[in-house]
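Student: Whatever this is, show me its structure:
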Amino acid sequence: MKRADQMQIYRTGNLTRLRDLRVGDNYEQWFDLAAAVATYLEHFISVNHESLPQSVERASKLRSTMHSLLNPLSEKLEQEIINLIETSLSQFETSLDDELRRLPAYVVEPVGAYSFDQLINHAEEVFPVGVRRAGSRLK
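Tutor: All right, here's what the predicted structure looks like:
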């Protein structure tokens, strides 16, 4: 079992800012966003390669496309680069939407004295003291 990083999914929303790119914009104004997006995608790829394989593949393509913002050939954004980024972003979002819908994610609410974190981190406390002592003698 692996704990999901909810904040990482939330940060995916920053990628939508790429839709604000406009022809003729200066690369300098987008450099910080492009660098942040490339860093986020690198983390996304390393963490989700097993649970979201299609999204990771598309994130890799988007990351490669982002290098056009980090290593510009001219001073101003051109339509071709914007189209590449928008296409890569749309493909990533489509894959992410599909895989997140199928990802088994649940919120396990505490019932009585049983909480998910308690069971994961201190499962032995569920048993009476006598049973715990007997179990420790068997070790």
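Student: The protein - how does it break down into domains?
Tutor: Structurally, the chain divides into domains by automatic domain parsing as follows: 6-102, 106-139.
Student: Tell me where the chain is predicted with low confidence.
Tutor: For the chain, the stretches flagged by pLDDT under 70 are 1-4, 68, 112-113, 135-139.
Student: Which stretches in it count as strands?
Tutor: Using DSSP state E, no strands are assigned anywhere in the chain.
Student: quick one, longest helix in it?
Tutor: Among the elements of the chain assigned as helix by DSSP state H, the one spanning the most residues is helix 79-102.
Student: end-to-end on stretch 45-59?
Tutor: For stretch 45-59, the first and last residues are 7 Å from each other (Cα to Cα, to the nearest Å).
Student: Just name the most buried of the domains of the chain.
Tutor: When neighbours are counted by mean count of other Cβ atoms under 10 Å, the highest per-stretch mean among the domains of the chain falls to domain 6-102, a mean of 15. C-beta here means a position set from N, CA and C on the backbone, and glycine is covered the same way.
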